[in-house]
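Novice: how does the following fold in three dimensions:
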Amino acid sequence: MANLMAKSPCEGLLPVEFDGVVLRELSMATVTSITPFKGQEKKASKALEAALGLLMPNANWAAENEGARAIWFGQGRILLIGADAPEALNGCAAMTDQSDAWIMIQLEGPASRDVLARLVPIDFRRSAFELEQTARTMLQHMSVSITRVGDDAFQIMAFRSMAATCVHELKIAMKVVAARDTY
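Specialist: Below is the predicted model of the structure:
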């Protein structure tokens, strides 16, 4: 009989570092997609706030409180990461467990914006992409979510099936940016 072992999506791929820019995998214990039913948005937001101290984030924003993070994930949809969905959401929102569907990695370091600029069609300057701002976008040919979580730190989420490709593309861009700075 086969002996199956659970592995993280980026096992053996991360962490990597080039010239002060680090790419590492983040742990995602619980991820829940939450979509309030029509007319139930305020009730769902109040339930989330009462249970976790989080408001439903507006479009292109995220919110964090005590390890729980709510990320805007499309029209009328958020992802709740790091906490169980409150029971009070039952009846006012559709919820699905997404814990095994995504990878979450963090790119950080002084040249992290330069790395992203090679792969993503978004302006990541501090004045254009603020702390806790998020975007659903493309990284090369992959659909991703990118949230600015620190001064020079970005949380990137991609489909689990694209883990190796996502890491590969980011590593190549990291190497190019590091090589550029050596000349």
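Novice: only C-alpha atoms for contact and neighbour calcs from this point on.
Specialist: Noted.
Novice: those strands in the protein, which residues are they?
Specialist: With DSSP state E as the criterion, the chain has strands at 16-18, 21-25, 31-36, 62-65, 68-72, 78-81, 93-97, 102-108, 134-139, 142-150, 153-159.
Novice: closest one to residue 6 among those?
Specialist: Nearest to residue 6 among the strands of the chain is strand 102-108; the distance by C-alpha to C-alpha comes to 14.3 Å.
Novice: parallel or antiparallel, which strands does the closest one pair with?
Specialist: In the sheet, strand 102-108 lines up against strand 21-25 (antiparallel), strand 153-159 (antiparallel) (DSSP bridges).
Novice: adding mean neighbour count and distance to residue 61, write the ones you listed out as JSON lines.
Specialist: Shown next, in JSON lines, are the strands paired with strand 102-108 (neighbours: other C-alpha atoms under 10 Å; distance: least, C-alpha to C-alpha, whole Å):
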{"stretch": "strand 21-25", "mean neighbour count": "21", "distance to residue 61": "22"}
{"stretch": "strand 153-159", "mean neighbour count": "22", "distance to residue 61": "13"}
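Novice: any idea of the pLDDT on the closest residue to residue 77 other than its chain neighbours?
Specialist: Leaving aside its chain neighbours, residue 77 sits nearest to residue 35 (4.6 Å; criterion: C-alpha to C-alpha, 6 or more residues apart in numbering). For residue 35, the pLDDT comes out at 97.
Novice: now swap in the one 5 residues further on and tell me
Specialist: Reading off the per-residue confidence, residue 40 sits at a pLDDT of 96.
Novice: which ones are touching it?
Specialist: Applying C-alpha atoms under 8 Å, 6 or more residues apart in numbering, one finds that residue 40 lies in contact with 92-93.
Novice: got the phi/psi numbers for it?
Specialist: For residue 40, the backbone dihedrals (degrees, to the nearest 10) come out as phi -110, psi 10.
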